[in-house]
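# sequence plus predicted model, see below.
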Amino acid sequence: MRTRASIITVLSVLLSWNVMAADSHTLTINIDNIQDQGGTLYLSVYNTEESYDSNSQAVTATSKDLSGSALSVTIPSLPAGKYAIKFFIDSNANKRIDFGPQGIPTEQYGFSNNGGTFGPPSFAEASIDLNGDTGIEIHAR
């Protein structure tokens with residue numbers, strides 16, 4: 001009886017892992033038009049308007065040293081849902097985006113859906129629906 005209960009427990013755990021794996025997706029973000037190839041890219045992925053607007057509680061965040069005019073970032077294991085991506089390229093190693101006197105960024109940046117022509121796009125404008133493995137293109141500005 002004890003052996004049977006152990007087998008059932010192990011099978012339950014294995015089945016739950018398969019269900020979790022089936023519900024997770026990979027997001028591949030291809031960024032081009034990178035001008036400062038010696039900087040560091042800081043990228044964050046958000047799943048709520050509140051976290052996106054406040055730049056806090058990102059689902060995931062990563063940084064990559066740059067060495068070319070394009071870069072691909074792969075985010076594995078995201079559940080289906082709405083996500084918005086922001087990034088900036090830190091040219092002077094201060095780990096933040098810098099702005100000129102008029103409030104215009106002096107370092108490159110970008111958003112999912114390439115939004116933000118006059119100021120940053122809203123979460124709704126920048127969000128993408130992730131329902132399977134997905135690739136997106138973002139042009140650094």
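In hand now; what should we look at? Numbers count the residues shown, from 1 in each chain.
# okay, and for the chain, where does confidence drop off?
1-22 (pLDDT under 70).
# could you rerun that using 50?
5-20 (pLDDT under 50).
# which residue ranges form the strands in it?
Ranges of strands within the chain are 24-32, 40-46, 60-65, 71-79, 81-90, 109-111, 128-130, 134-139, based on DSSP state E.
# so can I have TSV of those showing mean neighbour count and distance to D53?
Where you see a C-beta, it was placed from the backbone N, CA and C, and this is true even at glycine. Converted to TSV, these look like this (neighbours: other C-beta atoms under 10 Å; distance: least, C-beta to C-beta, whole Å):
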stretch	mean neighbour count	distance to D53
strand 24-32	17	20
strand 40-46	21	9
strand 60-65	14	16
strand 71-79	15	20
strand 81-90	22	10
strand 109-111	21	13
strand 128-130	16	17
strand 134-139	16	19
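# of those, which approaches S122 most closely?
strand 81-90 (8.7 Å; C-beta to C-beta).
# between that closest one and strand 134-139, how many degrees?
Per axes from the mean of the first three to the mean of the last three C-alpha atoms, to 10 degrees, the angle that strand 81-90 makes with strand 134-139 is 30 degrees.
# direction included, what does strand 81-90 pair up with?
In the sheet, strand 81-90 lines up against strand 40-46 (antiparallel), strand 109-111 (antiparallel), strand 128-130 (antiparallel) (DSSP bridges).
# can you list those in JSON lines and add distance to G103?
Output for those, formatted as JSON lines (distance: least, C-beta to C-beta, whole Å):
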{"stretch": "strand 40-46", "distance to G103": "20"}
{"stretch": "strand 109-111", "distance to G103": "13"}
{"stretch": "strand 128-130", "distance to G103": "27"}
